[in-house]
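>>> need coordinates for the following:
(one chain, ligands or ions: 1)
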Amino acid sequence: MMGMMPMMQTNNKELTIMTIDARQAQNSTKKVPAILRTSTIGLNPKAVTTTRKFSLEMGMMGGMMKNMGGGSRGGMFRINGKSMDIKRIDFQVKANSTEIWEVSNSSMMAHPFHVHNVQFRLLDRNGKRPDPSESGLKDVVLVPPGDIVRIIMKFPEYSDAKVPYMYHCHILEHEDQGMMGQFVVV
Ligand SMILES: [Cu+2]
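Predicted coordinates for the structure are as follows:
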């Protein structure tokens, strides 16, 4: 037998799963291009009409005060000082508009920030160009403690002034405890 042959032990019998024969590949003259694909979805920083800031926050005091005040559940996990309230729309976005969202994390934990309705690109992380592994279209961006990330997104044409989309930390316990907000597209 030629080359590597992975084996699996099952009841002491050896099974061939795959045989790799690289002799043909050695003759290939094809090269991987330096740039595989450029952006084709119109995320143009010059088209940005609005920049918004989102501060991801955790803390005991906010939660205790909110609970004593009889507010909505949670309160320990907030965005811009507010816990999620299903009755509150945090802001309106214009359909077909391009926005930059600056997301910062003042807490002691990393938060994976997720936006509904759009996919986005990471413009920069702490003022530096993103790692190539983060340069594609995304719907979640990790924001470690102390980091500031800027994401750019173009909102689709569909609008509805009543039914909101959410943005939130994607750790279930965090969004459930309030690290979430709502926007509508108009
Ligand atoms: Cu979180």
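>>> could you point out the helix or strand that follows the helix or strand bottoming out on mean pLDDT in the chain?
When each helix and strand of the chain is scored by mean pLDDT, DSSP states H and E, helix 60-68 comes last, with a mean of 50. Using DSSP states H and E, the helix or strand that follows helix 60-68 in sequence is strand 77-79.
>>> ok, residues contacting that next one?
For strand 77-79, the external contacting residues (CB atoms under 8 Å, 6 or more residues apart in numbering) are 54-59, 62-63, 83, 167-169, 174-175, 177-181. Using the backbone N, CA and C atoms, a C-beta is placed for each residue, glycine as well.
>>> give me the low-pLDDT residue ranges for the chain?
By pLDDT under 70, the low-scoring segments of the chain are 1-11, 37-42, 60-74.
>>> dihedrals phi and psi, the most centrally placed residue in the chain?
Nearest to the mean C-alpha position of the chain, by CA atoms, centre = their mean, lies residue 140 at 1.3 Å. Main-chain dihedrals, residue 140, degrees, to the nearest 10: phi -140, psi 140.
>>> go on, the one 4 residues further on?
Residue 144 adopts backbone torsions of phi -70, psi 160, taken as degrees, to the nearest 10.
>>> ok, now how distant is it from the ion?
For residue 144, the distance to the ion equals 11 Å [CB to the ion, to the nearest Å].
>>> also residue 84?
With CB to the ion as the criterion, residue 84 and the ion are 12 Å apart.
>>> that residue: which element?
When elements are assigned from DSSP H and E, residue 84 belongs to no helix and no strand.
>>> phi, psi for residue 26 please.
The phi/psi pair for residue 26 (degrees, to the nearest 10) is phi -60, psi -20.
>>> distance of it from residue 33?
21 Å (CB to CB, to the nearest Å).
>>> next helix or strand past the helix or strand containing residue 104?
In the assignment (DSSP H and E), residue 104 maps to strand 98-105. Following strand 98-105 in sequence order, the next helix or strand is strand 111-115 (DSSP H and E).
>>> count of neighbours near the nearest residue to residue 164 once chain neighbours are set aside?
Distances taken as CB to CB, 6 or more residues apart in numbering place residue 182 nearest to residue 164, at 3.8 Å, with adjacent residues excluded. Counted with other CB atoms under 10 Å, residues neighbouring residue 182 total 19.
>>> tell me the SS of residue 182?
Per DSSP: H, G, I helix; E, B strand; the rest coil, the local secondary structure of residue 182 is strand.
>>> relative to residue 180, how far out is residue 119?
19 Å.
>>> an error on my part: the question was meant for residue 108.
Computed as CB to CB, the residue 108 to residue 180 distance reads 19 Å.
>>> before we move on, what about residue 102?
Going from residue 102 to residue 180 by CB to CB gives 18 Å.
>>> of these two, who's got more company?
Between residue 102 and residue 180, residue 180 has the larger neighbour count (other CB under 10 Å), namely 24 against 15.
>>> can you give me the end-to-end span of stretch 132-146?
End-to-end span of stretch 132-146 (CA to CA, to the nearest Å): 21 Å.
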